[in-house]
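next input, structure requested:
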Amino acid sequence: LFERLEIDGQYRIAWVEMNPEAYRTIFFIESVLSNRGLPGRVFLEVEEARNWLLKASHS
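Numbers count the residues shown, from 1 in each chain. Next comes the predicted model:
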């Protein structure tokens with residue numbers, strides 16, 4: 001899917017899982033992204049995700 005959409009390491013992917021009970025289940029997404037060479041993280045709050053994305057754009 002990522003290759004077909006031409007999504008590569010220049011993109012950062014932030015997934016916000018607002019359901020704390022689902023967080024552990026969905027956390028495997030970070031591993032999937034990492035295995036495909038894509039920087040991505042899973043967060044519980046939008047603000048955390050936004051800060052992580054903005055930090056990258058200012059680096």
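
quick check on G40: phi, psi?
phi -150, psi 150 (degrees, to the nearest 10).

oops, could you answer that again for L54 instead?
Dihedral angles for L54 - degrees, to the nearest 10 - are phi -70, psi -40.

what about it, how many neighbours?
By the measure other C-beta atoms under 10 Å, the count of residues near L54 is 10. Every residue, glycine included, has its C-beta placed from N, CA and C.

again, but for Y11
Neighbourhood size, Y11 [other C-beta under 10 Å]: 14.

same question for W15.
14.

what's the helix or strand for it?
Using DSSP states H and E, W15 sits in strand 13-16.

just how off-centre is the helix or strand following that strand within its chain?
Using DSSP H and E, the helix or strand that directly follows strand 13-16 along the chain is helix 20-26. With C-alpha atoms, centre = their mean, to the nearest Å as the basis, helix 20-26 stands 14 Å off its chain's centre.

which SSE is E47 in?
Secondary structure assignment for E47, by DSSP H and E: helix 46-57.

where does the protein have low pLDDT?
Scanning the chain for pLDDT under 70 picks out 1-2, 5-9, 57-59.
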